[in-house]
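Trainee: here are the coordinates; sequence isn't available:
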């Protein structure tokens, strides 16, 4: 491995390479330690303390990010010390925002439906960020603000999410964070609706349609004579999908099955993973 290691200075983009070493294996606590090390320049070696970032760098073929020099003191590798502080702080901000977004999503999930509908209107397209900052007028701004901010506090967010001025409510937490959380919730709701529709659709299929779907999803593999017998069921499946109101990404009517170049039925990629999940036997 030593002979294969590249120098940080010889990397195509050493800053980008360093950023890639700060992925999931490197904990938030370690990022904090690295940021402090970048600011202070050196720190006393702590017995048995290992830096995961060094292990990740080694896997990627690079030297250690943190070295012991002089003995008994940690410092950043001189090859990265010039740019590491900015990258580490950026990574820490990314993580903090990700944690805040997850906490905000948890808070929104606990909101009463009427309050979430108002929040959705606050982050309205086509310019949701501008809409969230500008605000909207509602009948009970104080009650709405209390409900949203209380839910946020319960999820660990100390700062207010929205505020009221006369009859207008607007975002006080960074608008991109609020809009991102609302859009994530709306996406989850849409996915759940499609999953529920698909579940009801599968329950209404006849034996041949079910057999063809299970074969195409890889659950039960049918032989060639059986597939020829089941072939007409593909058109029936697509017709029933349209009648059931299933939609594909973009809101267009779903075509669950398509024929490939050999004329064989294939499950539409947008639906394959969901079908496999629904058709899989329950786990205990």
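Mentor: Thanks, I have the structure now. Because the structure is a prediction, the values reported are computed rather than measured. Residues are numbered from 1 along each chain as shown.

Trainee: Can you list the buried residues in the longest helix along the chain?
Mentor: Using DSSP state H to define each element, the chain has its longest helix at helix 78-109. By neighbour count on 16 or more other Cβ atoms under 10 Å, the buried set for helix 78-109 is 79-80, 84-85, 87-88, 91-92, 95, 100-101, 103-108. Using the backbone N, CA and C atoms, a C-beta is placed for each residue, glycine as well.

Trainee: pLDDT averaged over it, what's the number?
Mentor: Mean pLDDT, computed over helix 78-109, is 94.

Trainee: who does that helix touch, helix- and strand-wise?
Mentor: helix 14-20, helix 28-40, helix 141-154, helix 175-203 (3 or more Cβ pairs under 8 Å, 6 or more residues apart in numbering; DSSP states H and E).

Trainee: which residues touch the helix or strand following that helix?
Mentor: Sequence order places helix 113-122 as the next helix or strand after helix 78-109, per DSSP states H and E. For helix 113-122, the surrounding residues in contact (Cβ atoms under 8 Å, 6 or more residues apart in numbering) are 108, 111, 131-132, 135-136, 138, 144, 147-148, 162, 169-171, 178, 182, 185-186.

Trainee: List buried members of these by neighbour count.
Mentor: For the contacts of helix 113-122, buried by 16+ other Cβ under 10 Å: 108, 111, 131-132, 135-136, 138, 144, 147-148, 162, 169-171, 178, 182, 185.

Trainee: Turn the helices and strands packed on helix 78-109 into CSV, including mean pLDDT and distance to residue 265.
Mentor: Formatted as CSV, the helices and strands packed on helix 78-109 follow (pLDDT from 0 to 100; distance: least, Cβ to Cβ, whole Å):
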stretch, mean pLDDT, distance to residue 265
helix 14-20, 93, 41
helix 28-40, 96, 48
helix 141-154, 94, 46
helix 175-203, 91, 16
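
Trainee: got JSON lines for those, with distance to residue 281 too?
Mentor: Output for the helices and strands packed on helix 78-109, formatted as JSON lines (distance: least, Cβ to Cβ, whole Å):
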{"stretch": "helix 14-20", "distance to residue 281": "38"}
{"stretch": "helix 28-40", "distance to residue 281": "38"}
{"stretch": "helix 141-154", "distance to residue 281": "37"}
{"stretch": "helix 175-203", "distance to residue 281": "14"}
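
Trainee: Residue 66 is nearest to which of those helices?
Mentor: In terms of Cβ to Cβ, the element of these nearest to residue 66 is helix 28-40, at 6.9 Å.

Trainee: What residues of that closest one count as buried?
Mentor: 30, 31, 33, 34, 35, 37, 38.

Trainee: That helix vs helix 78-109, what angle?
Mentor: For helix 28-40 against helix 78-109, the angle by axes from the mean of the first three to the mean of the last three Cα atoms, to 10 degrees is 140 degrees.
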